[in-house]
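> Okay, predicted coordinates and the sequence, questions at the end:
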Amino acid sequence: MSLDIVILAAGQGTRMRSALPKVLHPVADKPMLGHVIDTARRLQPSSIQVVIGHGADKVRERLTADDLNFVIQAEQLGTGHAVAQALPQLSAERVLILYGDVPLIETATLERLLALVSDNQLGLLTVELADPTGYGRIVRDTDGVVQAIVEHKDASEAQRQIREGNTGILAVPGKRLADWLGRLSNSNAQGEYYLTDVIAMAVADGLTVATERAADEMEVLGANDRIQLAQLECHYQHRIARRLMAQGVTLRDPHRFDVRGEVSVGRDVTIDINVILEGKVVIEDDVQIGPNCVIKDSVLRKGAIVKANSHLDGAEMGEGADCGPFARLRPGTKLGAKAHVGNFVELKNAVMGEGAKAGHLSYLGDAEIGARTNIGAGTITCNYDGANKFRTVMGEDVFIGSNSALVAPVTLGDRATTGAGSVVTSDVPADTLAVGRARQRNIEGWKRPTKK
């Protein structure tokens, strides 16, 4: 059966106390609405309608995509009114209603909910709550059949004792929706058009209200303030941690580990505390990541080792390569197999061949470094003249003496050597020693300055 999805994202979120629209507040560095859209896409609908209102321009600018249609709700008159704004765009056999501030809803849960929908039956997602305060209550008859949803403010004392709460997530037969929305009334404590009133209408029309229950209340929790936002963040991170551990990752402490993107992992991976993985990260078998590392949009091949306090961004480490502690690999950096980058070494758009080494205190930018080449401490590639970038090329088995400055563009042939402290401005042929430093003079009788 065809499917249209409506995502309600027009709320202001006053309790966030922010100029940012509520649905753009992030969980795992992605807007809450972005998470909901990603889940909606996995259901492969005919269309995704996003109802926006407060901060509409910001929401559209941040999340615009070819498969999204944004619908404006100029006045926020309730959930039923919001869905009605999207009604002219809906033509599928089933319609699923989601919420832009409920980012942790699982695809599998929604698939089970959608399976309940037929011409004579709709699907309602409910949740068992320890404290249902503020939630609409699911009212059932003595046979357990759903009769209606009563909002908390309109509920009697007896109804407020019900612990089964309404999540607001609803899947309905498309051909019935227009009639139900047209019959909604705002005669309630809030003066709003409640989507939940559709349930009583469906029952009166002879339809069955079938229910599916969420795994836990965190899956359907919306964020109305920053406290709830932090709760969603913690739950999301713990969910990801459990999935990674099930795939063969050892996390030293799952509560001190963050994923802010997509991670692919192999087996026997070990990750220490306070590690952040951002963007798209690929981690192969037997990789070890030390504490306090940030790894973004990078690939770590089999057996790679990232030592403590290292930052990787847009980098690739070859099999058995290692970096750190306190290494920084910037975009375009590629380390060959068993290459070594030590402490306080920064690479940018640099390729190190197999077994090449840069032990400490060096900057290597826009460079190609051959296999087994050794870079001495304090070496820099002078790759920028203030306007343009230039490349440094080193062959295989090159030895760069400590504190060398390689002024690009420059090429050093295989097995070339530079003397410590040299400034190299011209190409160095293979098997050649380059010494580019001032001749030493010893001045006898030199008197040091004294403090006045």
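Good, I have the coordinates.

> how is the chain carved up into domains?
3-220, 226-434 (automatic domain parsing).

> least reliable of those going by mean pLDDT?
Ranked on mean pLDDT, the bottom entry among these is domain 3-220, at a mean of 94.

> hmm, back to that, same list (the domains of the chain) but as CSV, adding distance to Gly445.
Heads up, the C-betas are built off the backbone N, CA and C, glycines and all. Output for the domains of the chain, formatted as CSV (distance: least, C-beta to C-beta, whole Å):
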stretch, distance to Gly445
domain 3-220, 64
domain 226-434, 25
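
> Those domains: which one's closest to Lys451?
domain 226-434 (29.0 Å; C-beta to C-beta).

> Stretch 131-146: which residues count as buried?
132, 135-139, 146 (16 or more other C-beta atoms under 10 Å).

> nearest to Glu354, of these?
For the buried residues of stretch 131-146, the minimum distance to Glu354 (C-beta to C-beta) is 60.2 Å, reached by Tyr135.

> With adjacent residues omitted, what lies nearest to that closest one?
Excluding its sequence neighbours, the residue lying closest to Tyr135 (C-beta to C-beta, 6 or more residues apart in numbering) is Gly165, at 3.5 Å.

> Of the domains of the chain, which is nearest Gln440?
Per C-beta to C-beta, nearest to Gln440 of those: domain 226-434, 10.1 Å.

> what's the offset of the closest one from the middle of its chain?
On the basis of C-alpha atoms, centre = their mean, to the nearest Å, domain 226-434 sits 22 Å off its chain's mean C-alpha point.

> For the residue nearest to Tyr135, list each beta-bridge partner.
Counting by DSSP bridges, Gly165 is bridged to Val127, Arg137.

> right, and it touches Leu125 too?
No. In this structure, Gly165 is not within contact of Leu125 by C-beta atoms under 8 Å, at 10.2 Å.

> Quick check: Leu20 touching His54?
No. Using C-beta under 8 Å, Leu20 is not in contact with His54; the gap is 10.2 Å.

> rewinding a little: near the residue nearest to Tyr135, how many other residues are there?
23 (other C-beta atoms under 10 Å).

> what does the one 3 residues further on give?
Other residues near Gly168 come to 21 when the count uses other C-beta under 10 Å.

> Please apply the same query to the one 10 residues further on.
Taking other C-beta under 10 Å as the criterion, the count of residues near Ala178 is 13.

> which non-adjacent residue is nearest it?
Ala178 sits nearest to Leu87 (C-beta to C-beta, 6+ apart), 5.9 Å away.

> Would you verify that the one you found is located in a helix?
Yes. Leu87: assigned to a helix according to DSSP: H, G, I helix; E, B strand; the rest coil.

> distance of it from Thr64?
As judged by C-beta to C-beta, to the nearest Å, Leu87 and Thr64 stand 22 Å apart.

> When these two are compared, which one has more neighbours?
Leu87 (16 against 10).

> pretty sure the more buried one is touching Trp180, no?
No. Counting by C-beta under 8 Å, Leu87 sits too far from Trp180 to count as a contact (10.5 Å).

> Which strands or helices does the lengthiest helix in the chain pack on?
Longest helix in the chain, counting residues (DSSP state H): helix 226-246. The criterion is 3 or more C-beta pairs under 8 Å, 6 or more residues apart in numbering; DSSP states H and E, and the helices and strands that helix 226-246 contacts are strand 26-27, strand 249-251, strand 257-265.

> repeat that for 10 Å
Judged by 3 or more C-beta pairs under 10 Å, 6 or more residues apart in numbering; DSSP states H and E, helix 226-246 is in contact with strand 26-27, helix 32-42, strand 249-251, strand 257-265, strand 269-271, strand 275-283.

> can you pull the contacts of Ala56?
For Ala56, the contact set (C-beta atoms under 10 Å, 6 or more residues apart in numbering) comprises 9-10, 21, 50, 70-74.

> Put the buried members of the residues you listed into a ChimeraX selection.
The buried subset of those, as determined by 16+ other C-beta under 10 Å, is captured in ChimeraX by this line:
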select :9,10,21,50,70,71,73
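
> Looking at the contacts of Ala56, which is nearest Ile375?
Lowest distance from Ile375 to these (C-beta to C-beta) belongs to Pro21, with 49.0 Å.

> hmm, back to that, any idea which of the domains of the chain gets closest to Glu444?
domain 226-434 (22.8 Å).

> Need the distance between the two termini of the closest one.
Terminal residues of domain 226-434 are spaced 61 Å apart (C-alpha to C-alpha, to the nearest Å).

> okay, now the residue nearest to Gly376 when sequence neighbours are not counted: neighbour count?
When the adjacent residues along the chain are set aside, Gly376 lies closest to Ser402, with 3.7 Å between them (C-beta to C-beta, 6+ apart). Residues lying near Ser402 (other C-beta under 10 Å) number 18.

> Report the contact partners of Ser402.
359-362, 375-379, 418-422.

> Could you rerun that using 7 Å?
Ser402 is in contact with 376-378, 420, counting by C-beta atoms under 7 Å, 6 or more residues apart in numbering.

> again, but for Met352
Contacts of Met352 by C-beta under 7 Å, 6+ apart are 335-336, 339, 369.

> Most neighbours among those, which one?
Leu335 (32 neighbours).

> you'd agree it is up against Gly320?
No. Applying C-beta atoms under 7 Å as the test, Leu335 and Gly320 come out as separate, 9.7 Å apart.

> got the phi/psi numbers for Val203?
The phi/psi pair for Val203 (degrees, to the nearest 10) reads phi -60, psi -40.

> Which element, helix or strand, includes the residue nearest to it when sequence neighbours are not counted?
Distance criterion C-beta to C-beta, 6+ apart; nearest residue to Val203, sequence neighbours excluded, is Gln147 at 5.7 Å. Following DSSP states H and E, the helix or strand that holds Gln147 is strand 146-150.

> what about stretch 254-271, start to end distance?
9 Å.

> List of residues touching that stretch?
28-29, 237-238, 240-241, 244-245, 247-252, 273-289.

> Buried ones in that stretch, by neighbour count?
Buried, per 16+ other C-beta under 10 Å, within stretch 254-271: 254, 256-261, 263, 265-266, 269, 271.

> repeat for stretch 338-357
Buried, per 16+ other C-beta under 10 Å, within stretch 338-357: 338-357.

> Same check on stretch 19-39?
21-28, 30-37, 39.

> Please save the CA atoms from it in CSV.
Extracted in CSV, the C-alpha atoms of stretch 19-39 (Å, rounded to 0.1, in the frame of the first residue of the first chain):
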residue,chain,number,x,y,z
ALA,A,19,16.1,31.8,18.8
LEU,A,20,16.5,28.5,17.1
PRO,A,21,13.3,26.7,16.2
LYS,A,22,12.8,23.7,18.5
VAL,A,23,13.1,21.0,15.8
LEU,A,24,16.5,22.3,14.8
HIS,A,25,18.0,21.7,18.2
PRO,A,26,20.5,18.8,17.8
VAL,A,27,20.7,15.3,19.1
ALA,A,28,24.1,13.8,18.2
ASP,A,29,24.9,16.9,16.2
LYS,A,30,21.9,16.5,13.9
PRO,A,31,18.7,18.5,14.1
MET,A,32,15.9,16.5,15.8
LEU,A,33,13.8,17.0,12.7
GLY,A,34,16.7,15.6,10.6
HIS,A,35,16.5,12.3,12.6
VAL,A,36,12.8,12.1,12.0
ILE,A,37,13.2,12.7,8.2
ASP,A,38,15.9,10.0,8.0
THR,A,39,13.6,7.5,9.7
